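J.: here's my sequence, what's the structure:
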Amino acid sequence: MQVGSMGDIPFVVSYGKIRTFSDYGRSGSGRWAKHDLIGSKPVMEFLGPDVEKVSMKIQLRTDHGINPESELERLRKMRDTGAVFPFILGGAPVSDNYWLLEDIGENVSYWRAGGKILSVSVDITLTEYSTEEVH
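T.: Okay, the predicted model is just below:
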């Protein structure tokens, strides 16, 4: 059963294969300009919404039918090439915009002979990619 996807990487839970996430968090804020005035408090001006961010943890384990090393390589390539992609959860886009993989943190839990990874926890940060025209 597919939970969602991050570009061409599906999040799935099925017999023999688990690639899903935990600790999902989403944040966003407004953009404000502060205009300083002599002798008075500054005046705040709302510029618009800022891009949103999503953080989550992905567990990549060989006993879940996943090759952690090739999955890590795939994620690093998305980050290092500046790939933008749709981010889908529950059959619907998370926003009207695409997303980019801004940050990856890797924590290897278990190794096997020959230095191969058995299990790795990957912390990722996605950033919304707005395609609006600059005026």
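J.: the nearest residue to residue 21 once chain neighbours are set aside bridge partners, please.
T.: Residue nearest to residue 21 in three dimensions, not counting chain neighbours: residue 56, with 4.2 Å by C-beta to C-beta, 6 or more residues apart in numbering. (C-beta placed from N, C-alpha, C; glycine too.) Beta-bridge pairing of residue 56 under DSSP bridges involves residue 124.
J.: these two touch, right, residue 56 and residue 26?
T.: No: counting by C-beta atoms under 8 Å, residue 56 does not reach residue 26; the two are 9.3 Å apart.
J.: can you list the strands that the one helix or strand residue 11 maps to pairs with?
T.: Assigned by DSSP states H and E, residue 11 belongs to strand 9-14. Strand partners for strand 9-14, identified by DSSP bridges, are recorded as strand 2-6 (antiparallel), strand 17-19 (antiparallel).
J.: the helix or strand following the last one pairs with which strands?
T.: Scanning forward in sequence from strand 17-19 by DSSP H and E, the next helix or strand is strand 21-27. Strand 21-27 has the following sheet partners, assigned by DSSP bridges: strand 53-61 (antiparallel).
J.: what comes up buried for the strand it pairs with?
T.: 53-56, 58-61 (16 or more other C-beta atoms under 10 Å).
J.: can you tell me which residues contact the residue nearest to residue 21?
T.: 21-25, 123-124, 126 (C-beta atoms under 8 Å, 6 or more residues apart in numbering).
J.: mind putting those into TSV with distance to residue 83 and pLDDT?
T.: Shown next, in TSV, are these (distance: C-beta to C-beta, whole Å; pLDDT from 0 to 100):
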residue	distance to residue 83	pLDDT
21	18	92
22	23	92
23	23	95
24	21	95
25	22	96
123	18	97
124	13	97
126	11	97
